[in-house]
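# pasting a predicted model and its sequence here:
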Amino acid sequence: MKQNTLSYKVKQYLMFAGPGTILFLAVVIIPFLYGLYLTLTSWDGVSAVKPFVGFDNFAAAFSDVDYWHAMGRTVIYSAISVVLINVVAFALAYLVTKGIKGQNFFRAGFFVPNLIGGIVLGYIWKFVFNRAFVAIASAISGGSAPSLLSTTNGAMFCLILVSVWQYAGYMMLIYVAGFMSVSADVKEAAMIDGCNSSQAMWNVTIPLMRASFVQCIFLSITRCFVVYDVNLSLTNGEPFNSSVMAAMHVYNQAFTYKNYGLGQAEALILFIVCAVVGVTQVMIGKRGEVAA
Amino acid sequence: MKKRILATLLSALLILSLAACGGGGAAEGGEGGEGGEGTTITIFNSKMEIQSQMEEMAAKYSEEKGVTVEVYYSSDTVAAHLSTRYASNEPYTLSMVDAKDVYALAAEHALDLSDQDWVKDTTQAITIDGKTYGFPVCVEARGIIYNADAIKNATGNDFDPTSIKTTEDFQALVDACKAGGMESPTGVMKEDWSLGAHFLAEVYEQQEDPDAFIAGIKDGSIVLADDPKFNAMMDTFDVLKDNNYAKDAAISAEREVTEQKLAEGEIAFMFGGNWDWSVINAYDYTENMGMMPVPNDSNDGTNEKLVGGGSKYFFIDSSENTSEAQQQAAKDFLNWLVYDEEGQDFVVNQCALVPAYSNITLAVADPLSASVKSYSDSGALVPNYNYLPDDHYAKIGASFQKYLAGEVDRAGFAQEITDYWATAEVGAH
């Protein structure tokens, strides 16, 4: 049988990638296109008719003050979280590749938070913030201390803390792999050439680990931008809707306030913002990548 | 060659099995077409606390009536959940929804029930353009929940809820409780639905004409900050707020903790509704509790009435996905709830709901519902205003939380409400 005919190639493709393609089309591409169509309607999510309104939803999305507040909050939250997640993850990875006693145990331990689902994790931390911390603070100050979750900045702080705790272990694994991929030879060569250990870290190890950084930063940016589960279970937007992130606002807009079309339009904007930030970061990161 | 035949056969078989699935589904849907026997009806329950009772009832009802009843529950937003069922052409025969959902869905999805017997026995059914669509499941009302034992312990006197009518009366009672050793006699639920949809909504509901009142806020002819009802209600709220056991951390007070303190008599007052009993009865509650109207300085009689009415409505699906036999079985079921002794027993005793039908005389067991029933029986209920926009509770609730936390003053709060109404529209009715 000839192997370079079109029909052979199509058959081969269908045989191996066909099921995957169909599933991908069915659960990603088609809903995405359908979602695009819904942004042009004023559908309420329930009714049988979907009145066509053109680009009204986008105009409404751009003038939705609450949405842009939520978006601003998400950007601040993401910026701080991404930096902290990666700093902590890198530090942990450094510690558990140095050959300290029981490092496999520590690796597993730091990774565990990532295995707990976001919803459960949020409820656990809510208890810690509302009860445990309050009890400790009250005991120290002698009065009744308010919970961190009851203040605007406090709620944001809690969200960031929990996200860092959740993701640092996961990113740590990628950094561990990065550390392991840098061969001892180059480090040794650098030391012989007169580097001290921090110079070797800055000038040899980290540049060689660039791929890990690109990957980790990309993952943490995209995850932080669309955070929903921790937001829901830890603060649920409280106090006074000051911790509503963009994704939660989109959900409320579409399902709770029953403006499905508007919610969908806002989701699309969130997607574009997230994609632009993520892709830019990867492009910049890839540009200077070096291979060992 | 052999292999190819085998492959063709196999794929043909697969396609067949898929086709068979589709066919099976269609056949199942049409099954109920013939008559009462063998009909299956599906019920969507949106009251989580009665789900196990509903399931037991369904099993029993199925056995006795020969109609298979299936009960489903979802914790999703009601409208969002139903929309997925409509999208897949599998609507529930009977759906239990909130009043606002009936207004949103009835035109397209609900069966006209105007000819049913129960319509004349209730004042709470939902009628749109002269047609009755919504069957009220129960009556629920809002007011101040009090713990009479706790009050007696603190003040030494028996508590008579009808003696408290004005903010001043209430303040005096709270002060007396404090003098008697109760440190902080009130609790405030910080949930946005409690503040926004339940407490603040009373400001609209207690107006003579809520529609006109809201229209007045919108066009500026009514200045909310100067409105006597708004100020009267907020004065009472201030008493609740200033004597709150969690005054310093009002915004992180947990509902369960507040209700536990109320149940056990550590505090004596909380704004809530008879549904709070399902939380209170989880704790070691004292015997004499009840509900009273929110005291406020007014002479329109609203401070002697609870606010509430029908809560949770059944409607029957009118689409072609529900056969006539199913619709008839659903109607029979609703009649069973109202007129059959077992049905009445189910509503009142097993689910502990306040019935919305005047022919049901069974006594309600839990004290909060008993209060609601006595107010309801004597006509002392201010009706719910069911047409607030969907985002009202969340947005106004957030503003109210700011007020509770002391981030805005009353004028600022009134301004935020006015700003909200500048763009919001009440639902069609």
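Structure's in. What do you need?

# so which residue is dead centre in the chain?
Going with chain A. By Cα atoms, centre = their mean, chain A has its centre lying nearest to residue A:223, at 1.2 Å.

# actually it's chain B I care about, not the one you picked
Central residue of chain B (Cα atoms, centre = their mean): residue B:311, at 4.6 Å.

# now the lengthiest strand in chain B: buried residues?
Determined from DSSP state E, the single longest strand within chain B is strand B:131-147. Neighbour-count burial for strand B:131-147, counted by 16 or more other Cβ atoms under 10 Å in any protein chain shown, picks out B:132-147. From N, CA and C alone the C-beta is placed, and that goes for glycine too.

# and chain A, which of its residues are near chain B?
Counting by Cβ under 8 Å from any Cβ of the partner chain, the positions of chain A adjacent to chain B are A:44-48, A:130, A:134, A:143-147, A:149-150, A:237-242, A:252, A:255-258.

# buried among those? Make that a ChimeraX selection.
Per 16+ other Cβ under 10 Å, the buried members of the residues of chain A next to chain B correspond to this ChimeraX selection:
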select /A:44,45,46,47,130,134,145,146,147,149,150,237,238,239,240,241,242,252,255,256,257,258
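
# chain center to stretch A:184-193: distance?
Distance, stretch centre to chain centre, for stretch A:184-193: 36 Å (Cα atoms, centre = their mean, to the nearest Å).

# so for that stretch, what gets flagged as buried?
Result for stretch A:184-193 [16+ other Cβ under 10 Å]: buried residues A:187, A:190.

# low-confidence regions, the stretch 101-250 of chain A specifically.
Residue ranges of the stretch 101-250 of chain A with pLDDT under 70: A:143-144.

# now the residue nearest to the centre of chain A: how far from chain B?
The gap separating residue A:223 from chain B is 24 Å, by Cβ to the nearest Cβ, to the nearest Å.

# just checking, that residue touches residue A:167?
Yes. Between residue A:223 and residue A:167 there is a contact at 6.7 Å, judged by Cβ atoms under 8 Å.

# contacting residues around the helix or strand hosting residue B:83?
Element membership for residue B:83, per DSSP states H and E: helix B:78-87. If you take Cβ atoms under 8 Å, 6 or more residues apart in numbering or on different chains as the criterion, helix B:78-87 is touched by A:45-46, A:48, A:255, A:258, B:44, B:46, B:74, B:91-92, B:95, B:97-98, B:101, B:104-105, B:109.

# and it, which residues are buried?
Quick answer for helix B:78-87 (16+ other Cβ under 10 Å): B:78-83, B:85-86.

# now stretch B:277-290
B:277-280, B:285-286, B:288-290.

# ok, now stretch B:116-136?
Residues of stretch B:116-136 classed as buried by neighbour count (16+ other Cβ under 10 Å): B:116, B:118, B:121-126, B:128, B:132-136.

# right, and the helix or strand after the longest helix along chain A?
Assignment by DSSP state H gives helix A:65-96 as the longest helix of chain A. The element immediately downstream of helix A:65-96 (helix or strand, assigned by DSSP H and E) is helix A:103-111.

# orientation of that following helix relative to helix A:65-96 in degrees?
Here helix A:103-111 runs at an angle of 170 degrees relative to helix A:65-96 (axes from the mean of the first three to the mean of the last three Cα atoms, to 10 degrees).

# quick one: list the elements packing against the following helix or strand past helix A:103-111.
Next helix or strand after helix A:103-111 toward the C-terminus (DSSP H and E): helix A:118-127. When contacts are defined as 3 or more Cβ pairs under 8 Å, 6 or more residues apart in numbering or on different chains; DSSP states H and E, helix A:118-127 sits against helix A:152-181, helix A:229-230.

# hmm, back to that, can you tell me which of the contacts of helix B:78-87 end up in strands?
Filtering these for strands - DSSP E - leaves B:44, B:95, B:97.

# wait, which of those residues is closest to chain A?
Taking Cβ to the nearest Cβ as the measure, chain A lies nearest residue B:97 of the ones in strands among the contacts of helix B:78-87, at 10.6 Å.

# can you check the pLDDT for the closest one?
On the pLDDT scale, residue B:97 is placed at 89.

# what's the local residue count around it?
Neighbours of residue B:97 under the rule other Cβ atoms under 10 Å in any protein chain shown: 25.

# what of residue A:25?
Count around residue A:25 with other Cβ under 10 Å applied: 13.

# and it, that's in a helix?
Yes. Membership of residue A:25 in a helix is supported by DSSP: H, G, I helix; E, B strand; the rest coil.

# adding mean neighbour count, write the helices and strands packed on helix A:118-127 out as TSV.
Converted to TSV, the helices and strands packed on helix A:118-127 look like this (neighbours: other Cβ atoms under 10 Å in any protein chain shown):
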stretch	mean neighbour count
helix A:152-181	20
helix A:229-230	19
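
# of all the ones you listed, which one is nearest residue A:111?
helix A:152-181 (4.2 Å; Cβ to Cβ).

# right, and the helix or strand after the closest one?
helix A:184-192.

# can you give me the helices in the stretch 251-400 of chain B?
B:255-264, B:277-280, B:324-339, B:341-345, B:367-377, B:392-404 (DSSP state H, counting those that start in this stretch).

# re earlier: among the contacts of helix B:78-87, name the ones in helices.
Short answer: the contacts of helix B:78-87 in helices (DSSP H) are B:101, B:104-105, B:109.

# what sits closest to residue A:111 if chain neighbours are left out?
Distances taken as Cβ to Cβ, 6 or more residues apart in numbering or on different chains put residue A:169 closest to residue A:111, at 4.2 Å, once the chain neighbours are dropped.

# gap between that neighbour and residue A:110?
4 Å (Cβ to Cβ, to the nearest Å).

# looking at the helices of the stretch 251-400 of chain B, which is nearest to chain A?
Ranking the helices of the stretch 251-400 of chain B by proximity to chain A (Cβ to the nearest Cβ) places helix B:392-404 first, at 3.9 Å.

# name the helices or strands packed onto the closest one?
Counting contacts by 3+ Cβ pairs under 8 Å, 6+ apart, helix B:392-404 packs against helix B:192, helix B:410-423.

# if you average pLDDT over each of the ones you listed, which is lowest?
Comparing mean pLDDT across the helices and strands packed on helix B:392-404, the weakest is helix B:192, with a mean of 84.

# against which helices or strands is that helix packed?
Right, helix B:192 is packed against helix B:392-404 by 3+ Cβ pairs under 8 Å, 6+ apart.
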